[in-house]
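K.L.:
need a structure here:
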Amino acid sequence: MPRRALPVLLVLALLQALAGRAVAESPFRNWGAMVVAGDWKGSNGGPTEAFDNARRDVSAELVRLGFEPGNIVQYSVRPERYGRERPGKSDIRAIFEGMTQLAARSPEGCLVYLTSHGVPQGVVVDQSILPPGILNAILDRTCGARPTIAVISACFSGVFVPELGAANRMVLTAARPDRTSFGCGESSRYPFFDECFLKSAPSSRDFSGLAERIRTCVAEREVLEKVSPPSEPQVFIGAQLRPVLPLYAFPARSPP
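P.N.:
Residues are numbered from 1 along each chain as shown. Purely as a prediction, here's the structure:
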């Protein structure tokens, strides 16, 4: 082999190695994620595991999607029941402090996922209501202008869209501002929306595609269960985030 061919081959090998490394690294490796279960009571007032089941399994799914386990924090109203998972205690101040710490160690993006009951004024977090304006202020103070995804799984959660809908954000909610969501009973494994998140994520390419799959899944489930009126999950993607969101791709599934 001619000597002058060697540098070319070395350059090609280096480019292949760098490309392989780039593919192997997740675009979410320096993102922080917070998953909050805001209540422990079902729709009839008795205890339910639905919100904490969602908290635990959504967190695990985020790891599969490429988030670093050390950059995911969980909160529960009854953290003492889940010692193995070691969630923090859900309250509004804890959410702010947790997001502050996450943002400091994972500077490239933020995700917050809340699953709970909701009212027209906001989402239930233990004994308090977290209104859209306060969550917006928390995200402004902690995540600032970085790409941010907010997922609110609760009745009436569409009220969060106008307040959180900034150019650098995606907002995905379980219902319209004037509609309830479903699946929060005492015997429910997950709320319908959270179940559809978990069911749809493995076959989605990115968060934009995931949102559309969730909406279809929720509509189908509500028809199957004969509940109405339909919750109609809402999706907002800001003008700054929309063109780059496909770059934050989920890992391809392994063939069966």
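
K.L.:
quick one, helices of the chain?
P.N.:
5-24, 50-64, 92-105, 132-142, 160-164, 192-200, 207-225 (DSSP state H).

K.L.:
please compute how far the fifth one lies from its chain's middle.
P.N.:
Read that as helix 160-164. 16 Å (C-alpha atoms, centre = their mean, to the nearest Å).

K.L.:
also the fourth one?
P.N.:
Taking C-alpha atoms, centre = their mean, one finds the center of helix 132-142 at 16 Å from the center of the full chain.

K.L.:
and the angle from that helix to helix 92-105?
P.N.:
On the basis of axes from the mean of the first three to the mean of the last three C-alpha atoms, to 10 degrees, helix 132-142 is oriented at 30 degrees to helix 92-105.

K.L.:
report how many residues lie close to Val125.
P.N.:
Using other C-beta atoms under 10 Å, Val125 has 25 neighbouring residues. Using the backbone N, CA and C atoms, a C-beta is placed for each residue, glycine as well.

K.L.:
give me every residue that touches it.
P.N.:
36, 38, 90-92, 95, 114, 116 (C-beta atoms under 8 Å, 6 or more residues apart in numbering).

K.L.:
partners of it in the sheet?
P.N.:
Ser128 (DSSP bridges).

K.L.:
any idea how far it is from Asp140?
P.N.:
18 Å (C-beta to C-beta, to the nearest Å).

K.L.:
then Ile129?
P.N.:
Taken as C-beta to C-beta, the span from Ile129 to Asp140 is 19 Å.

K.L.:
neighbour count winner among those two?
P.N.:
Ile129 (18 against 13).

K.L.:
quick one: the more buried one and Gly122 touch, right?
P.N.:
Yes. Counting by C-beta atoms under 8 Å, Ile129 touches Gly122, with 4.6 Å between them.

K.L.:
distance across stretch 106-121, terminal residue to terminal residue?
P.N.:
Chord length of stretch 106-121, first to last residue, is 31 Å (C-alpha to C-alpha, to the nearest Å).

K.L.:
quick check: buried residues in that stretch?
P.N.:
106, 109-118 (16 or more other C-beta atoms under 10 Å).

K.L.:
could you dump the contacts of Val125 to TSV with distance to Arg146 and pLDDT?
P.N.:
Below are the contacts of Val125 laid out as TSV (distance: C-beta to C-beta, whole Å; pLDDT from 0 to 100):
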residue	distance to Arg146	pLDDT
Val36	20	98
Gly38	24	98
Ser90	24	97
Asp91	25	95
Ile92	22	97
Ile95	17	95
Leu114	19	98
Ser116	25	98
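
K.L.:
which of those sits closest to Gln240?
P.N.:
Leu114 (23.0 Å; C-beta to C-beta).

K.L.:
need the contact list for that closest one.
P.N.:
Per C-beta under 8 Å, 6+ apart, neighbours of Leu114: 36, 38, 123, 125, 130, 151-154.

K.L.:
for the closest residue to it other than its chain neighbours, give its distance to Pro246.
P.N.:
In space, and not counting its chain neighbours, Leu114 is closest to Val36: 4.8 Å by C-beta to C-beta, 6 or more residues apart in numbering. Plainly put, Val36 is 27 Å away from Pro246 if you go by C-beta to C-beta.
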